[in-house]
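>>> fold the following.
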Amino acid sequence: MIKSSIYKFNGFTLIELVVTVAIVAILATVAMPMLQLSVQRVKENELRANLREIREAIDAYKKVADIENGPIKKVVGQTGYPPNLEVLVEGVVDEKDPNKHKIRFLRKIPLDPMQTTQSSNRSENGSINNWGLRSYASEASDPAEGDDVYDVYSLSKQVGINGIPYSQW
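Numbers count the residues shown, from 1 in each chain. Next comes the predicted model:
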């Protein structure tokens, strides 16, 4: 004997699906700005750390160069700041060392995380330089490159979460 039964379909109705998709869309629109802000915060923290690392290396170079009859040969009339960022990585010959080992101040030049494109400037030796360079002779309000590297800054035109342009950090 075959029992006749009514088939009951288990599933979602179209209205339930539309409501679910609408709720997910609303949650996504709320979460996206928070996600973008988190990404920007991470990049800003990386920018701070990279600027600090380069500036500390520049200061260490200056400190060693200012030692009278020290390990770095300093020509009279020079400021004692490195001529370029690559010197911090390649190193300078230690004049006091009989084996003429090099003194290095950075392992590598960190990149600017705020540069959206990697079409960075290349120096004469082919290394990437995506930082703005300020020489000792230039004013803080109008930084310009020169014979040495006194400071670095971001070339990004963007403004940070704190309202200050990255180029002024």
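>>> assign Glu68 to helix, strand or coil.
coil (DSSP: H, G, I helix; E, B strand; the rest coil).
>>> got a pLDDT number for it?
pLDDT for Glu68: 82.
>>> number of nearby residues for it?
Glu68: 5 surrounding residues under other Cβ atoms under 10 Å. Every C-beta, even on glycine, is put in place using the N, C-alpha and C of the backbone.
>>> contacting residues for the spatially most central residue of the chain?
The centre of the chain sits closest to Asp112, judged by Cα atoms, centre = their mean, with a distance of 2.9 Å. Counting by Cβ atoms under 8 Å, 6 or more residues apart in numbering, Asp112 touches 47, 50, 130-131, 154-156.
>>> cool, and Arg107?
Taking Cβ under 8 Å, 6+ apart, one finds Val89 in contact with Arg107.
>>> need the pLDDT of it.
Value for Arg107, per-residue pLDDT: 93.
>>> surely it is within a strand?
No. With three-state DSSP as the criterion, Arg107 is coil rather than part of a strand.
>>> how close does it get to Ile23?
Arg107 sits 49 Å away from Ile23, taking Cβ to Cβ, to the nearest Å as the criterion.
>>> ditto for Pro71
For Pro71, the distance to Ile23 (Cβ to Cβ) stands at 67 Å.
>>> between the two, which one's more packed in?
The neighbour count for Pro71 versus Ile23, taken as other Cβ under 10 Å, is higher for Pro71 (15 against 10).
>>> and the more buried one, what helix or strand is that in?
According to DSSP states H and E, Pro71 maps onto no helix or strand at all.
>>> residue contacts, it?
Per Cβ under 8 Å, 6+ apart, neighbours of Pro71: 64, 92, 94-97, 103.
>>> among these, which two are most distant?
Put simply, by Cβ to Cβ the two of the contacts of Pro71 set farthest apart are Val64 and Asp97, 12.6 Å from each other.
>>> so between these two, which is more surrounded?
Val64 (17 against 11).
>>> hang on, isn't that one packed against Ile72?
Yes. If you go by Cβ atoms under 8 Å, Val64 and Ile72 touch, sitting 5.4 Å apart.
>>> what touches both of these two?
Ile103.
>>> helix/strand/coil for Val89?
Applying three-state DSSP: Val89 is helix.
>>> and the longest helix along the chain, how far from the chain's centre?
Scanning the chain for the longest helix, with DSSP state H as the assignment, gives helix 14-65. When distances are taken as Cα atoms, centre = their mean, to the nearest Å, helix 14-65 is centred 13 Å away from the chain's centroid.
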